[in-house]
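# No letters, just coordinates:
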């Protein structure tokens, strides 16, 4: 599925629809179906014109608006029977805001194209990673995007052969060095934070080539 952008897009839309039906996401199902029809066409066009780097995730469908709280999103993530949780003391997810320069599309639903969890940036700090990404024309993910990526493809947090846990410096706190991150901690998916200047062997900056 990950080799075929349109098939992966369809799979994710089915997941989103199911979560709306189960009241996990608060959004109009008919509106979703209308909006993804045009988006699917654009993804199909990208799939034939812009190749995805080998090992990357071709597409992730995300909501821009908060259709669910971070707590609700984390409750949908599980690892070995343990539910995801938030531990960002002394901050909360709401403390972070998206970086203005990312120019997030002014729509309810959009897609991240060519998502990289950052395997080539392990042992590189988010501070240095952001500079490297900008030089390559790539953009870091926001916290809401990153959590939705883990929901769409939970293997991001568990398959260490193909992916790695992610940092999301597309969301920051003004004047603060914390970077939101998601990984397995104490046997469960955790939304927390790491320092902007620290390096890790298992946690790296996630990015996309574009937002569609």
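That came through fine. Quick caveat, the model's predicted, so the values are computed rather than measured.
# Tell me the secondary structure of the nearest residue to residue 209 once chain neighbours are set aside, please.
Closest residue to residue 209 apart from its sequence neighbours, by CB to CB, 6 or more residues apart in numbering: residue 114 at 3.8 Å. The C-beta positions use only the backbone N, C-alpha and C, and glycine is treated the same way. Three-state call for residue 114 (DSSP: H, G, I helix; E, B strand; the rest coil): strand.
# For residue 114, give me the pLDDT.
The confidence metric pLDDT takes the value 94 at residue 114.
# Residue 53 versus that one, what's the distance?
6 Å (CB to CB, to the nearest Å).
# neighbour count winner among those two?
Higher neighbour count among residue 114 and residue 53: residue 114, with 20 against 13, using other CB atoms under 10 Å.
# isn't that one right next to residue 47, touching?
No. Applying CB atoms under 8 Å, one finds residue 114 not in contact with residue 47, separated by 10.6 Å.
# shared neighbours, those two?
The contact sets of residue 114 and residue 47 overlap at residue 58 (CB atoms under 8 Å, 6 or more residues apart in numbering).
# Tell me which residue lies nearest the centroid of this structure.
Residue closest to the mean C-alpha point of the chain, counted by CA atoms, centre = their mean, is residue 146 at 2.2 Å.
# Pretty sure that one sits in a helix.
Yes. Assessed by three-state DSSP, residue 146 belongs to a helix.
# That one contacts residue 189, doesn't it?
No. Using CB under 8 Å, residue 146 is not in contact with residue 189, being 11.7 Å away.
# Spit out the residues that contact these two alike.
Jointly contacting residue 146 and residue 189 under the rule CB under 8 Å, 6+ apart are residue 182.
# okay, which residue of the protein is out on the far edge from center?
Quick read of the chain (CA atoms, centre = their mean): farthest out is residue 30, 24.2 Å.
# now the helices for this structure?
In the chain, the helices defined using DSSP state H lie at 5-21, 29-49, 70-75, 126-135, 143-152, 155-158.
# Relative to residue 183, how far out is residue 60?
Residue 60 sits 18 Å away from residue 183, going by CB to CB.
# cool, and residue 134?
Using CB to CB, residue 134 is found at 24 Å from residue 183.
# With residue 39 instead?
Taken as CB to CB, the span from residue 39 to residue 183 is 29 Å.
# Give the buried residues for stretch 192-204.
192, 193, 194, 196, 199, 200, 203, 204 (16 or more other CB atoms under 10 Å).
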